[in-house]
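**Q** The sequence and its predicted three-dimensional model are supplied below.
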Amino acid sequence: MRRPIGFQTGLALSLINMILVVSPSFAAPITYTEKATASGSLGGVGFTDADVVFSMTGDTTNVRNVTDLSGEIIDSNLGTVTVSVAGAPPAAFTDGGAVFYNHGVGAFPPTIGFSNDVAFFYISSVSASGYDLRTSIGPLSGLAHIFPGVFLDTTAGSFILTSVSSNATFTASTFATSLVTAVLPVSRSVQVNGTATAFATIINTGTTTATACSIAPSSTLPLTFHYQTTNPNTNAVTGTLDTPVDIPANASQSFVIALTPTAAIAPTNVAFNFICTNTPPAPVVTGLTTLLLSGSTGLTPDVVALSATATGDGILHVPGSAGTGAFATASVNVGASGAITGSANTGSATLPLRLTICQSNPANGQCLATPAATVTTTINANATPTFSIFATASGAISFDPANSRIFVVFTDSTNAVRGETSVAVQTQ
């Protein structure tokens, strides 16, 4: 793998602070698994008496307990349920899903399993008195029940169960290891068959070594993908291409990732599976652990951007609920020359902020023109313009770094995103 572009030297060093700021968003991971021998089809391909494994990784802080109108007490935990047939890679249910446990205090016996709109796979008459989906348990075995013939949409096509030919077993496992991650830069625009590189860092916040940690895209796009460990101080590649590595407790490992589009790709947020053999996957946070990737048939601008706050922690601390704060963004265009418009927004969150931007003098940070909602400038190939972003609050913003963020976006003349970066924001 080629060494990444030189501008990114500072990017890898910024990842640790970003990860640690956001990491509380996924506090207590737990993985639920239920399996049996069953028949049916997945993506139009039938299977008979195959090993079928359902799985979901969730956060124990999201477990909910309700008592329904009939008096049944039910615990549930929402998440993305996957299914694997005969050892094949898992397919995710696109309508989400949940794991549930009915305590059996009403008309129904104790029941545990998976559901979305219907309870499609579960065990009845289980012995799990006092269980609440928050701790490890199992294996629990019992008679398997299905919702025969129901069509369930997955990333591999429709999934249908027609029969079960064995008892099912259910397990829940918490982990002594937990991963948090980040990717920088968060946007790359390359030509088809050109390679976009970025840095990723995995931190093992657990108390035991995370084993055989690897990275892979979680979406199906026309591209090739590789990853390799790096020295975070120099960005030099280390280790062996596409080889999982162990990460000790309370330690981190930096990587370079490389994505090569083999066909045109409109700007798309690519999510990644950061996972080790003894951990659940790291949580996905768009704009933090994803890469906005585009692959074009012609050359386009490719603005690699990095923002810096005054406190150096990736957080813009706005003084008071009516104050103004500012941060800086550095960039380099490693693509073709072109007209670029810079702007700032708060993503999918609605925050009480008025945002303006200006191109700045890189020597002193002073605006070259009055800050406005957008700024348009021509960025030549290899040029390194800088920008200042101003945020004026009209209300309080609590500390929520995964969701309360300011995104700086660079678009070309077709309004396609050619660069992006972000910082967290709070008032104080």
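**A** Looks like it arrived, so ask away.
**Q** CA only for contacts and neighbour counts going forward, please
**A** Noted.
**Q** Next up, the contacts around the residue positioned nearest the centre of the chain.
**A** By CA atoms, centre = their mean, the chain has its centre lying nearest to V284, at 1.6 Å. Counting by CA atoms under 8 Å, 6 or more residues apart in numbering, V284 makes contact with 271-272, 290.
**Q** In terms of pLDDT, where does it sit?
**A** What the model reports for V284 is a pLDDT of 85.
**Q** which SSE is it in?
**A** Per DSSP states H and E: V284 is located in neither a helix nor a strand.
**Q** For the residue nearest to I275 when sequence neighbours are not counted, give me its contacts.
**A** In space, and not counting its chain neighbours, I275 is closest to P281: 4.5 Å by CA to CA, 6 or more residues apart in numbering. Shown in contact with P281 (CA under 8 Å, 6+ apart): 57, 179, 273-275.
**Q** Inside strands: which ones of the contacts of V284?
**A** Members of the contacts of V284 lying in strands (criterion: DSSP state E): F272.
**Q** now the contacts of V284 in a markdown table, with distance to S41, pLDDT and neighbour count?
**A** Listed next are the contacts of V284 as a markdown table, based on distance: CA to CA, whole Å; pLDDT from 0 to 100; neighbours: other CA atoms under 10 Å:
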| residue | distance to S41 | pLDDT | neighbour count |
| --- | --- | --- | --- |
| A271 | 27 | 93 | 20 |
| F272 | 27 | 94 | 21 |
| T290 | 32 | 94 | 23 |
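**Q** Include distance to N403 when you put the contacts of V284 into TSV, please.
**A** Shown next, in TSV, are the contacts of V284 (distance: CA to CA, whole Å):
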residue	distance to N403
A271	17
F272	19
T290	14
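**Q** picking that back up, and the residue nearest to I275, which of the three is it?
**A** Applying DSSP: H, G, I helix; E, B strand; the rest coil to P281 yields a three-state assignment of coil.
**Q** in stretch 302-321, what's buried?
**A** Across stretch 302-321, burial judged by 16 or more other CA atoms under 10 Å covers 302-309, 313-318, 320-321.
**Q** G44 contacts G157, doesn't it?
**A** Yes: between G44 and G157 there is a contact under CA atoms under 8 Å: 7.3 Å.
**Q** Look at the two and report which has more neighbours.
**A** Just comparing G44 and G157: by other CA atoms under 10 Å the higher neighbour count belongs to G157, 18 against 12.
**Q** pLDDT score for the nearest residue to the more buried one once chain neighbours are set aside?
**A** What sits nearest to G157 in space, not counting adjacent residues and going by CA to CA, 6+ apart, is G43, at 4.0 Å. pLDDT recorded at G43 is 94.
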